[in-house]
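1. Predicted model, plus sequence, below.
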Amino acid sequence: MFDSLSSRLEGIVKRLRGKGRLTEADVDEMLKEIRTALLEADVNVGVVRNVVARIREQAIGARLSEALDPSQQVIKIVNAELTAMLGGETLKISYASRPPTVILMAGLQGSGKTTSSAKLARWFKSQGRQPLMVGADLQRPAAVEQLRTLGRQIDVPVFSEPGDPVSTARRGLEEARRLGRDVLIVDTAGRLSIDAELMEEVRQISQAVQPDYTFLVIDAMTGQDAVGVAEAFHAALAIDGVIMSKLDGDARGGAALSVKEVIGRPIAFASTGEKLNEFEQFHPDRMAGRILGMGDMLTLIEQAEQAFEKDQAEAAATKLMEGEFTLDDFLEQMQALKKMGPLGNLMGMMPGMPKELKGAEIGDDQLKPVEAIIRSMTPLERRKPEIINGSRRNRIATGSGTTVGDVNRLVKQFGEMQKMMKRMGAMGGMGRPGKKGKKGKPGRGFPGLPPGMPGMPGMPGGGLPGMPPGMGSAPGGFPNFN
Amino acid sequence: MLWIYLVLIVAVLVFGFGVVLWNRRRAAVSSQAPSRPALPVRPPPEVLVGVPAPSAAVDDEVAIEDDALAEPELAVERPSFRSRMSKARSAFTGALLGIAGRTGITTDTWDDLEEALLRADVGVRVTDELLGGLRARVKAKEIIEPGQLLEALQAEMTSRLLGADRSLHFEPGEPDSPNVWLFVGVNGVGKTTTIGKVAALQHEAGVTVLMAAGDTFRAAAAEQLTTWAERSGAEIVRGNEGGDPSAVIFDAIERAGARGIQLVLADTAGRLHTKTNLMDELRKVRRVAAKGRGRVTEVLLVIDATTGQNGLTQAREFGSATEVTGVVLTKLDGSAKGGIVFAIETELGLPVKLVGLGETIGDLVPFDPREFVEALVSLD
């Protein structure tokens, strides 16, 4: 149900073709779509009002440039505005001259404080620090036990004692000094921002430990209320930064924008998975794209960099363009791709993937038959699939536990892909900014894909499948590709 | 040369998925093993009897009597939506007072109304629908006064929530065939806490309860549930951390059946609905729960009231994976308003059955659409 902003604007833009300048009426129409997109991303109503007003100012009378179509221009303006709003100063941790550097974690119940505490501790550890965690959540049953378990997993000690959270926190600080730990992370109980008594308690904890940094943990799925929560905690504790949790879901995360706008504190970290190492410093440009529903190319690329061997990848890509890509190469690249995590997630990160593909639940195991077929081929067959005749087909099918039809399809599709890639290679400028999208014929479909798989728009020569217009030139795009 | 990676990814994805999709079309692919580290061998579940658990022998007569007594009592002591949602209402009420204060219905009236609904997380689509209907009626001069407008809005919102079956299904049957209520949802919504409270309420109502600690992933989740079991007088079956949740729940159901326990409350690990492998794991849990001697009579999706528009996607995904029968809306006592339930109920037809209005056991109450809407849209 969530359409990306680019697809929302498409209809309007069609009518604008050929106009040299955006009129006020055009802009208003587009702004309405932008507003809806932001609201569906859970950006706070009040914040949306401000953003839209600012975008309006910039958009009206903006000269339409030759190179970009109006929607690209508008998206560029919106993206730039959101990035600017989300960004600004990034939080740089400076360590206390007299250790430990004290960090206080606060937030609503279930926002992910305990997990974030452990992830943060792990992050500090990776920075060469020696953290100690304090379990001051004495409210939720087994919360301290959870922290201890996580502490064991990352090899970080945990201090806690039953009784009063304030004195536990204070004793934790003493403990950190005694043990010579240089970072202290205090996990507190989740509390409602309207619960005066508990807000007072966390304020007392704050006074007791005098934190250098107070982080507010906010669930990426939070709706309009994010603003109220942030304001209340900020008033009580003076928040220094925000940790966005559960960003690995498909929530657009408009809360990030709202919170940043309202309390003016940066989003410092983002939690991007269940594993304790899935925690990173926040990237405002990516978040802007996400709120607008434009996929998350940079994360994708970053993951790819880790998964693929650079030289191998380059060699394979060259082969691909020259049409010399063999099934062996394919197998190798597929293994690398698997390291990047569940393939379904990758699909989600590709902007503009057709809905059918995005919606399809694709488990890694479903690629297994493909793998089995290729592995059942001889080296020669993998290099030259065209030599596969009837008897070879039978053998491969039997060997891989598939049918002759499956083998046929795979070989045929591989041939089609090779042809297509070769064509793309011949065109050159693959995926380079400024050249994309124009040569391809969007919506032409993808040769070699089975019938009923329409809409890999812009694939041939288009660089990336269905790259939303404007991505290449937008700040959140990939200006630094080459 | 970053584009190289993209070329490769695209090539592999496009080619690989082309084949996959083709195959999928021919035959529904059966689900896969979850990639969360599940032990290949089923761990022997360790059975703990909740400390103050009452005698597990079921006395049917007593149970029925207790049931009859406890029900109305709970209803009387129930906290009101309005008192608990009071803070939640303030923003809304402010806008509404503004509307009521104006003479006549102006553009500002509509703007205020729209903003109030959006602020309550009702969502753009439902808000447009609600206001569209009202606009037509104002145009037709059916509604003239701002007061009437608010009444009409309230009536319209209520009517959208009426007619659903909000009862928790419990089928008394053979003593060795327990009812199973399965709890699912994303991380941190309050599944374990909800189970604890439901257990306490059911125990109070004379139903014998056994908890299945199916969250084998989150550190100390089983400890948390054990604490609740002790508080509520329920028994608990737990497995090893990292064990197979299906196995734990299956064993819990078998054990409940063997001991004549009437109701199994099965906890599951929180998971984001976008994680295919974890959702497959949940599908398996759902299938396996129905395989033994138990009957799965409720699959309850727990949703945090602070959730925004993502709540609808959550409900859709969990709904299709586990045949969700109802929704539990937690943490409604904060400043959140839970407006997403309108979309969930009308678009997906999933009734909200329980609402969490506070931290104590008695604060988990049946959802009442009239009270809910009244708490949202009223002037006093």
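-> Looks like it arrived, so ask away.
2. Quick one, grab the pLDDT at residue B:115.
-> In this model, residue B:115 is scored at 89, pLDDT.
3. How about residue A:161?
-> pLDDT, residue A:161: 92.
4. Leaving out chain neighbours, which residue sits closest to it?
-> Counting by C-beta to C-beta, 6 or more residues apart in numbering or on different chains, residue A:161 lies nearest to residue A:168, which is 5.4 Å off, once chain neighbours are set aside. No exception for glycine: its C-beta is placed from N, CA and C like everyone else's.
5. Return the backbone torsion pair for residue 323.
-> By default, I'm working from chain A. Dihedral angles of residue A:323 (phi, psi; degrees, to the nearest 10) stand at phi 80, psi 20.
6. ah, no, chain B please
-> Dihedral angles for residue B:323 - degrees, to the nearest 10 - are phi 50, psi 60.
7. Can you give me the domain boundaries for the chain?
-> I'll assume chain A. For chain A, automatic domain parsing gives the domain ranges A:5-86, A:101-292, A:307-316+A:327-417.
8. wait, chain B
-> Domain ranges of chain B: B:46-77+B:170-324, B:82-161, per automatic domain parsing.
9. do the longest one and chain A meet?
-> Okay, so that is domain B:46-77+B:170-324. Yes. Domain B:46-77+B:170-324 is in contact with chain A by C-beta under 8 Å from any C-beta of the partner chain, via B:186-190, B:193, B:217-221, B:223-224, B:226-228, B:241, B:272-277, B:279-280, B:304, B:306-314.
10. related to what we said a few turns ago, nearest to residue A:37, out of the domains of chain B?
-> Between residue A:37 and these, the shortest gap by C-beta to C-beta is with domain B:82-161, which sits at 9.3 Å.
11. anything in the closest one sitting right up against chain A?
-> Yes. Domain B:82-161 lies within reach of chain A by C-beta under 8 Å from any C-beta, at B:87, B:91, B:115, B:118-121, B:123-125.
12. start to end distance for that domain?
-> From its first residue to its last, domain B:82-161 covers 17 Å (C-alpha to C-alpha, to the nearest Å).
13. now do stretch B:141-151
-> 15 Å.
14. thinking again about what came up before, so which of the domains of chain A is the most packed in?
-> Comparing those by mean neighbour count (mean count of other C-beta atoms under 10 Å in any protein chain shown), domain A:101-292 comes out on top with a mean of 22.
15. Next, check the residues of domain B:46-77+B:170-324 next to chain A against the helices and list the overlap.
-> B:193, B:221, B:223-224, B:226-228, B:276-277, B:279-280, B:310-314 (DSSP state H).
16. So, low pLDDT: which residues of chain B?
-> B:1-78, B:85-94, B:378-380 (pLDDT under 70).
17. Which parts of it are strands?
-> For chain B, the strands defined by DSSP state E cover B:46-48, B:179-184, B:209-213, B:235-238, B:263-266, B:295-304, B:326-330, B:352-356, B:364-366.
18. Could you check the angle the third one makes with strand B:179-184?
-> For strand B:209-213 against strand B:179-184, the angle between stretch directions is 40 degrees (axes from the mean of the first three to the mean of the last three C-alpha atoms, to 10 degrees).
19. again with the longest one
-> On the basis of the same axes, to 10 degrees, strand B:295-304 is oriented at 30 degrees to strand B:179-184.
20. Tell me the strands beside strand B:295-304, with direction?
-> strand B:179-184 (parallel), strand B:326-330 (parallel) (DSSP bridges).
21. Over to the last one?
-> Within its sheet, strand B:364-366 is paired with strand B:352-356 (antiparallel), according to DSSP bridges.
22. what's the answer for the fourth one, then?
-> Strand B:235-238 has these partner strands in its sheet, going by DSSP bridges: strand B:46-48 (antiparallel), strand B:209-213 (parallel).
23. shouldn't residue B:202 be in contact with residue B:261?
-> No. Judged on C-beta atoms under 8 Å, residue B:202 makes no contact with residue B:261 at a distance of 11.0 Å.
24. joint contacts of these two?
-> When C-beta atoms under 8 Å, 6 or more residues apart in numbering or on different chains defines a contact, the residues bordering residue B:202 and residue B:261 alike are residue B:209.
25. rewinding a little: please pull up the helix or strand immediately following the strand or helix carrying the residue nearest to residue A:161.
-> Applying DSSP states H and E as the criterion places residue A:168 in helix A:165-179. Counting by DSSP H and E, the next helix or strand C-terminal to helix A:165-179 is strand A:183-188.
26. So which elements touch that following strand?
-> Identification of packing neighbours for strand A:183-188 by 3 or more C-beta pairs under 8 Å, 6 or more residues apart in numbering or on different chains; DSSP states H and E yields strand A:101-107, helix A:113-126, strand A:131-136, helix A:165-179, helix A:196-209.
27. could you dump these to JSON lines with mean pLDDT?
-> Below are those laid out as JSON lines (pLDDT from 0 to 100):
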{"stretch": "strand A:101-107", "mean pLDDT": "95"}
{"stretch": "helix A:113-126", "mean pLDDT": "95"}
{"stretch": "strand A:131-136", "mean pLDDT": "95"}
{"stretch": "helix A:165-179", "mean pLDDT": "95"}
{"stretch": "helix A:196-209", "mean pLDDT": "92"}
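28. wait, which of those is closest to residue A:225?
-> Here strand A:101-107 is closest among these (C-beta to C-beta), at 12.5 Å.
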